[in-house]
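# Provide a 3D model corresponding to the input given below.
(chains A, B and C)
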Amino acid sequence: MSGDHSHNDSQIDSGSRVNDSHKHKDKYKDKEHKHKDHKERENSKYGNSDHKEFSEKKHGEKERTKHKDGSTDRHREKDKRKEIKPKKEKENGFSSPPRIKSELNNDDVYHSPKSLKRERDHDETEFKPKKIKLENDKVDKKAKKRKQDEDIKPKKTQKNKKGEVADGKKKAKKEPEEKWKWWEEERATDGSKWSFLEHKGPVMAAPYEPLPSNVRFFYDGKQMKLSPEAEEVATFFAKMLDHEYTTKDTFRKNFFKDWRKEMASEEKSKITDLKKCNFNEMGEYFKAQSEARKAMTKDDKLKIKVENERLLQEYGFCIMDNHKERIANFRIEPPGLFRGRGDHPKMGMLKRRIRPEDIIINCSKGSKHPKSPPGTKWKEVRHDNKVTWLVSWTENIQGAIKYIMLNPSSRIKGEKDWQKYETARNLKKCVERLRNQYREDWKSKEMRIRQRAVALYFIDKLALRAGNEKEEGESADTVGCCSLRVEHINLYPEKDGQDFVVEFDFLGKDSIRYYNKVPVEKRVRLLTSILNKHLQELMDGLTAKVFRTYNASITLQQQLKELTTDENLPAKILSYNRANRAVAILCNHQRAQPKTFEKSMQNLQTKIDAKKDQLSDAKRDVKSAKADLKVRRDEKFKKAVETKKKAVERLEEQLMKLEVQATDREENKQIALGTSKLNYLDPRISVAWCKKWGIPIEKIYNKTQREKFAWAIDMAEDDYEF
DNA sequence: ACCTGTACTTAGGATCAGGGCG
DNA sequence: CGCCCTGATCCTAAGTACAGGT
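Down below sits the predicted model:
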């Protein structure tokens, strides 16, 4: 932790969220690339009470954006043409080396990638996508089939479309057909998400099993038998006994209030104070259960595994348009106590059991729709092919709708993902124009324009999230760009040798702290709907989040270019991870340092030391073998020398691997790479990199990831340019 | 203009499983 | 061969975006 909380002491005009931006603009402009962004962040999930007060509310107007037809089609047409990009490219070729290397603990050294990335990108000029009509005229390359970047447009057409409804019904053929390449097919253009959909419905939560009678509950020291309803809720609490949640006031209060609602009337009149409740036996019981589970014979474990597999086979797949597709979450969420993240006002509330009567099923009219459990009814069975979900219900804590949808490997998710990256690539083509524009807009005499421009600037430069409005008191107090409040920012005319530094310190999504100091200006206040409306006018399909995708992907591409050296494989992988890490830092993807981190680091160090010892022994052996050889030139000794040398080499390689691993792990202790890899990085960049350097894709993507990115793995060539 | 509801992506932590190791 | 760690998977909360109604 950098522990730098200095922001509180020197309040420079915190009230001036007013725009006097332009004034400093020019200098910023020029020095932008020389400054270093200090980016530090600390994990402060759950906490950080200093962020609590609201000195003001958001306000402002909201606007509606009408546009868009169906949505899917949004990007359709434009995406049709394929283009061949000229190799060129060098995103922003410029220096400002990211010292990814030392980023940790060196807050003043590490330049958050964003700053490097954008200082200038001359793309625009250099980036001239030509829309080449011809099919693969570009035979050049391995005359492969599709060339990387024809945008989302699929070329290999096929009939389907209307025909689907019909054939859909005939049960997808044997299915596991040879890996279906949906990306080679046409997409629907009418806003429909599917033509045929059949599934088995959700797996309901297991019914409550009352505790054995020897597991007792005590109130005020006296044993008390609870009604099953009250007992079930009590077990939820008992299961969390050693979690710190149960010590929090809000949690306890919410829990107790909801618990009492489930009590029978005598229970309710007796049990009036949570502090007098003793759940220990219950807690112990569950602990014992989980111990027992761990200790099960492998036979029993196997049984469970088989059963799970059966469930998966039966409920884990659906038929959508002739293909059997994996469902992501086919189980209904079981009841329990709500665990919000951060300082959530509703933590501890009872998340109630979902009954069939709460559930809406969505499927094809002509399909065999799932039957509700005996004696029950679904709330509704509908046939809406304008949406992708199979099952939905309304959750009782926030009143939000929950859905069962398909796995990321499915066509329906994959297409959308692909489209997302194409939109980001479109942004690449006009990002320079947009940047010039918002810089111009800083000078506008209209406050709204200036605010909008400043917000956009931060979203672009710092990859902040949009910051939708939230209902106060309904969830943790977190913000994004458009909802930042004065107390989240401090302005310093001068700090650490830089002029006009803005210091951000706020809790973002999931109550993850964002802390960063950056030279720049202004303050913001507007609604995301207004911002997005503006963005939409600038580029079809553009919204605030596209900037995150764009900046993440472009940063990866650049960093890979910059960091990859012609070394051994582990070193290359390290480079990849560092490039990935640069993105994760940009996007502020954090994780709690693993509890076992120190220990595992030590273990690794022990291994390294041992390896070093072995190595020096081996080296000594080589020497003595050589000496022997000198004394007596003889095949046998010669061989011995060779063998020993080999051993040294092997050990050196192993040592190097371990050291790389240690470096990687250390640099990564508080950084989560998975989120960006899964959601922000155009997978084609990674695939191309692997191809270019001859690295097996398995080193970068695990099985699940390869499934999700099958489309990219299949289509990207080594020269793919984002 | 404003509000509400819906759909879908993004997110970190909890839990699980299986491979390496003493 | 059981134990320990790690990476994979599961879980579901918390975001973004936009439509539609008034």
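# Pull out the buried positions in stretch A:337-355.
The neighbour-count check on stretch A:337-355 (16 or more other C-beta atoms under 10 Å) flags A:337-338, A:340-344, A:346-355 as buried. Backbone N, C-alpha and C define where each C-beta goes, glycine included.
# brain fart, stretch A:251-261
Per 16+ other C-beta under 10 Å, stretch A:251-261 contains these buried residues: A:251-252, A:254-256, A:258-260.
# again, but for stretch A:280-295
In stretch A:280-295, counting by 16+ other C-beta under 10 Å, buried: A:281-283, A:285-286.
# Those in helices, which ones?
A:281-283, A:285-286 (DSSP state H).
# Am I right that A:K253 is in contact with A:M347?
No. Contact criterion C-beta atoms under 8 Å: A:K253 and A:M347 do not qualify, at 9.5 Å.
# Kindly spell out which helices and strands sit in contact with the lengthiest helix in chain A.
Assignment by DSSP H gives helix A:597-631 as the longest helix of chain A. Judged by 3 or more C-beta pairs under 8 Å, 6 or more residues apart in numbering; DSSP states H and E, helix A:597-631 is in contact with helix A:635-667.
# Let me know the helix or strand that A:T704 is in.
For A:T704, the host element (DSSP states H and E) is helix A:703-708.
# Now the next helix or strand after that helix: buried residues?
Note on helix A:703-708: by DSSP H and E, the next helix or strand toward the C-terminus is helix A:710-715. Buried residues in helix A:710-715, counted by 16+ other C-beta under 10 Å: A:710-713, A:715.
# Which neighbouring elements make contact with the longest strand along chain A?
Secondary structure assigned by DSSP state E gives strand A:498-507 as the longest strand of chain A. Packing partners of strand A:498-507 (3+ C-beta pairs under 8 Å, 6+ apart): helix A:22-31, strand A:489-495, strand A:513-519.
# Please identify the pairing partners of the last one and their relative orientation?
Okay, so that is strand A:513-519. If you go by DSSP bridges, strand A:513-519 pairs up with strand A:38-39 (antiparallel), strand A:498-507 (antiparallel).
# Just want the angle from it to strand A:489-495.
For strand A:513-519 against strand A:489-495, the angle by axes from the mean of the first three to the mean of the last three C-alpha atoms, to 10 degrees is 40 degrees.
# which element follows strand A:513-519 toward the C-terminus?
helix A:528-538.
# Extract the C-alpha set from the helix or strand following that next one and format it as CSV.
Counting by DSSP H and E, the next helix or strand C-terminal to helix A:528-538 is helix A:544-563. Output of helix A:544-563 as CSV, limited to C-alpha atoms (Å, rounded to 0.1, in the frame of the first residue of the first chain):
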residue,chain,number,x,y,z
ALA,A,544,-18.6,5.2,-23.3
LYS,A,545,-17.6,1.6,-22.6
VAL,A,546,-16.2,1.2,-26.1
PHE,A,547,-13.3,3.4,-25.0
ARG,A,548,-12.3,0.8,-22.4
THR,A,549,-12.4,-1.9,-24.9
TYR,A,550,-10.5,0.1,-27.4
ASN,A,551,-7.9,1.4,-25.1
ALA,A,552,-7.4,-2.0,-23.5
SER,A,553,-7.0,-3.8,-26.8
ILE,A,554,-4.7,-1.2,-28.4
THR,A,555,-2.6,-1.2,-25.3
LEU,A,556,-2.2,-4.9,-25.4
GLN,A,557,-1.2,-4.7,-29.1
GLN,A,558,1.3,-2.0,-28.4
GLN,A,559,2.8,-3.6,-25.4
LEU,A,560,3.2,-6.9,-27.1
LYS,A,561,5.0,-5.2,-29.9
GLU,A,562,7.2,-3.4,-27.5
LEU,A,563,7.9,-6.1,-24.9
